[in-house]
Structure formats: structure tokens, C-alpha cells
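Enquirer: I would like the atomic coordinates for the input below:
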Amino acid sequence: MASQAELIKKLREETGAGILDAKKTLESMGGDYDKALSILKAKGIERAEKKAAERTAKDGTIKTYVHNGKVGVMVELNCETDFVARTPQFQDVAHAVALQIAAMNPKYVSVEEIPADVLETQKKTFTDATLAEGKPANIVEKIVAGKLDKYFGEAVLLKQPYIKDDKQTIEELVKGASAQTGEKIIVRRFTRYVLGED
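Expert: Residues are numbered from 1 along each chain as shown. As a prediction, this is how the structure comes out:
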């Protein structure tokens, strides 16, 4: 069994939290590493989101991935400094995002990127289908919202469950990296090629 010092060190490595914060959180959770990790990750993401609102991410990397010579991906992942862009952790996230795009074929980076007419068409399709099923009018809106969430989980990169850990989305993966590095990290854009497709 790991000592408290080893657990604190591990918490710091995984979350970027300070020694005192890691120690206090671990103690407040009665030594439960998983609970402490969850709390510190949430705190880190919250801090990173506050910082991100006022910062710009213009550095980063363009990562490429080719699967069996048949599917190719190019993705731009941005951060604030070249120092973070060169870290193995940042490069691992860029690689993970490229793999995700190759495997899951998203159409958009974020929900905000979906053209208004496409979104309206989806809503209308889901609404018409739900009404055709004879669902009561008072629950149609909730059903449509659920169907839209499912659509986002398929078509939007940031909303997709991560292929290597479906308990988190790509958005959560990127936010976790942002919390660890202390820098704003964003997926700027991507292109996916399939051999023989127009």
C-alpha cells in the first residue's frame, strides 16, 4: 500500500495541484485516493476555465495520423506557449484527438460550429419523428433535447466519448490537460481524409 507522501506525489503529477492542496484534499477524503483525484481534477478544470476566458491560445502543434494508409487526419491543437506545446503530455493529447477523429469521424469541433440550418433541420426531424410516434406534446421537447444530445455525441468531436475511456468526453480530456498544464488548450480545427472519397 502506498504511503501518504507517495499518494500526494501521484496526485500532484496527475492534476498539477500544489503539495498543500493535494495533502488537504487527500486528508479530507480520509485517504481515499480516487475521491481526492476526482475533486482535484474538478478544481483544476474550474481554475483552467477561469484562466482560459481571458487568455489566447496561439501556439501548439499540428498532429497528423494515418491509419493503414486508408484514413488520414490532421488536427491543430493550440496552447499558450511553445514550452507546453513541446511537453509529452500535450503531444499525447494531440495524438489522442487525432486517433479519435480517425476512428469516430466527427463533422464539427464544437456544437457552436454546427451551421444554424443544419441544427434546425435536425431539430425538425427529431420533433416530427417524436410527434409521429404519438408522444404527448408536453414531453416532446425533452425527447428532442435527448436526441440532439445523442446527435452531438456522434457529430461533434468535443462531445464524443473518448475511444480509450468512454467515461469521459474529448472535451473533458482536453480540459483535464488544460488543468494539468495551467494553460488554455483548445482544438482549433481538423481535416479527415479517407482514401478514394471525394
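
Enquirer: Isn't A103 up against I163?
Expert: Yes. Counting by Cβ atoms under 8 Å, I163 is a contact partner of A103 at 5.2 Å. Where C-beta positions appear, they are placed from N, C-alpha and C, glycine not excepted.

Enquirer: which residues in this structure form strands?
Expert: For the chain, the strands defined by DSSP state E occupy 59-67, 71-79, 161-162, 165-169, 186-194.

Enquirer: how about the helices of the protein, start to end?
Expert: 4-15, 19-28, 33-53, 82-85, 88-104, 116-132, 137-155, 170-181 (DSSP state H).

Enquirer: follow-up on the earlier one: can you put the strands of the chain in a markdown table and add distance to L7, mean pLDDT and mean neighbour count?
Expert: Shown next, in a markdown table, are the strands of the chain (distance: least, Cβ to Cβ, whole Å; pLDDT from 0 to 100; neighbours: other Cβ atoms under 10 Å):
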| stretch | distance to L7 | mean pLDDT | mean neighbour count |
| --- | --- | --- | --- |
| strand 59-67 | 32 | 95 | 17 |
| strand 71-79 | 29 | 96 | 21 |
| strand 161-162 | 25 | 96 | 18 |
| strand 165-169 | 22 | 92 | 12 |
| strand 186-194 | 32 | 95 | 16 |
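
Enquirer: Between those, which one is closest to A96.
Expert: Proximity to A96 (Cβ to Cβ) singles out strand 161-162 among these, at 7.2 Å.

Enquirer: Lowest-scoring secondary structure element of the chain by mean pLDDT?
Expert: helix 33-53 (a mean of 71; mean pLDDT, DSSP states H and E).

Enquirer: Please name the residues that touch K70.
Expert: If you count contacts by Cβ atoms under 8 Å, 6 or more residues apart in numbering, K70 has them with 194-195.

Enquirer: Show me the domain layout of the chain.
Expert: When the chain is parsed with automatic domain parsing, its domains come out as 4-53, 59-109+156-194, 115-154.

Enquirer: what sits opposite the residue nearest to A98 when sequence neighbours are not counted in the beta ladder?
Expert: Nearest residue to A98, sequence neighbours excluded (Cβ to Cβ, 6 or more residues apart in numbering): Y65, at 3.9 Å. Assessed by DSSP bridges, Y65 has beta-bridge partners V73.
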